Structures are given as C-alpha cells and as structure tokens.
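Novice: Following is a predicted model, sequence given first.
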Amino acid sequence: MMGTGKTTVGRVLATKLGYKFVDTDEIITQVTQQSISEVFATSGESAFRQIETQVLARVCAYTHLAIATGGGIVLRRENWSYLHHGLIVWLDAPIELLYTRLNTDETRPLLQAGDLRTQLETLLQQRQPLYSQADLRVNVNLEETPEQLATRILAAIPQVLKKGETPTTQL
Ligand SMILES: Nc1ncnc2c1ncn2[C@@H]1O[C@H](COP(=O)(O)OP(=O)(O)O)[C@@H](O)[C@H]1O
Ligand SMILES: O=C(O)C1=C[C@@H](OP(=O)(O)O)[C@@H](O)[C@H](O)C1
Ligand SMILES: [Mg+2]
C-alpha cells in the first residue's frame, strides 16, 4: 500500500542482497518525463496502469533485482504473472501509520481528494484480498528503521520456501 515504505525499504534490501534496485514509479517518471501526479492529471489512471504494466513486464525478467512497485500494481490480473517471476513481499501497515506518513504528502494523486483516513480505509478494503496473495507478509510498525525492516525481511525469506500458509513477520 502507498506509504508503507516499498521505495525506501526496497532500496535498502537490494543493497543488503547485492542486487540492483528499480522502482516502477521512478521508471515511469523517467520514460514519460512527468511526475506521477502529472501522468494521472494529463493521461488518467487507466493510462498510468497501462504504462505500469509495460514497465513491470520489462523489469520482472531480470535476476538479482529488487523491484519496488506502486501500491496499485496488484489491481491488474496480468501483473500477477509478472510479479510471480520473483518473491512478492507485502508491506502491511496500519491506517494510522499510513496517515502519519502521508498526511502532508502531495505526490500521491489517489489520496488528494477527500478525507485521507477514509480514502486509505476504502483503498485498503479493496486491496487487502489482493495484497494477501503475496509470498511474504511483513507487518510494518513505527519503531523500525528501513535498515531494521530490511534485515527482518531478509531473515523471513527462508520461510517462504517452506510449504504451508503465507508466512508473516512482525517485530
Ligand atoms: N521504516 C521507516 N521509518 C520511517 N519512515 C519511513 C520508513 N519507511 C519509509 N518511510 C518514509 O515514509 C514515506 C513513504 O515511504 P515510501 O518508501 O515512499 O513508501 P511507498 O513507496 O510504499 O509509497 C517516505 O517519506 C519515507 O521516507
Ligand atoms: O497505490 C497506488 O495506486 C499508487 C501508488 C503509488 O506508489 P507508492 O505505492 O510507491 O506510493 C503510485 O504508483 C501511484 O500514485 C498509485
Ligand atoms: Mg513508492
């Protein structure tokens, strides 16, 4: 979900793994020469989602790469075939944490209209069943630094290889 720390923690995780790192939003910004807000404003969400899928289709083919996606990547069914090229980590955070982080943020177009808490609740309700399809669920809290969170994710990854329910890691 937006604000959970995918871009920030993904970068740290890549460093720890000795992997390269890409963020699909950053690639979209480079390719379109527009900010994410500008893409939404000038072309609309549906065009953004199309570009997002094209970007994911390209980057998912690489090995030794950590990919941070936008929180809406789960919405298109075809994206899942690309996501499953790798190990999918769900950063799950309570609404209050997201609210604290995104309260003054103006870079996420889907959260600019209306009450932020309501917006977050609505989106999370829609997306929770999709996020829960990930390989690893990581409960995010306010105490851990990106460094600590990345360390915890790394430690939890072996559990993904074992058969059974989706593993969850919390502090
Ligand atoms: N573990 C963390 N502790 C404190 N702040 C964080 C942490 N992870 C991310 N942030 C901050 O939260 C905001 C959202 O993080 P970001 O990585 O952009 O999330 P996402 O890519 O999931 O939307 C940024 O301001 C970032 O600096
Ligand atoms: O959840 C979403 O639909 C979106 C999340 C954003 O990325 P982050 O999850 O990195 O904020 C960005 O792709 C766009 O604003 C839409
Ligand atoms: Mg991001």
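Specialist: Thanks, I have it. Every value quoted in this text rests on a predicted model; they were computed, and no experiment measured them. Ligands and ions are numbered 1, 2, ... in the order given.

Novice: Name the residues of the protein found near ligand 2, please.
Specialist: Residues of the chain that fall close to ligand 2, judged by CB under 6 Å from any ligand atom: 2, 6-7, 25, 36, 70-72, 108-110. Bear in mind the C-beta positions are built from the backbone N, C-alpha and C, glycine included.

Novice: partners of the helix or strand bottoming out on mean pLDDT in the chain, with directions?
Specialist: The helix or strand of the chain with the poorest confidence is strand 168-169; it has a mean of 92 (mean pLDDT, DSSP states H and E). Using DSSP bridges, the strands paired with strand 168-169 are strand 136-139 (parallel).

Novice: Buried among the residues of the chain next to ligand 2? Make that a ChimeraX selection.
Specialist: One line in ChimeraX is enough to select the buried members of the residues of the chain next to ligand 2, burial here meaning 16 or more other CB atoms under 10 Å:
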select :2,6,7,25,36,70,71,72,108,109,110
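
Novice: Mind putting the residues of the chain next to ligand 2 into TSV with pLDDT, secondary structure and distance to ligand 3?
Specialist: Putting the residues of the chain next to ligand 2 into TSV (pLDDT from 0 to 100; DSSP: H, G, I helix; E, B strand; the rest coil; distance: CB to the ion, whole Å) gives the following:
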residue	pLDDT	secondary structure	distance to ligand 3
2	98	coil	7
6	99	helix	5
7	98	helix	3
25	99	helix	5
36	98	helix	9
70	98	coil	6
71	98	helix	8
72	98	helix	11
108	98	coil	9
109	98	helix	13
110	98	helix	13
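
Novice: Also near ligand 1: which of the residues of the chain next to ligand 2, exactly?
Specialist: Near ligand 1, by the rule CB under 6 Å from any ligand atom, you find 2, 6-7 out of the residues of the chain next to ligand 2.
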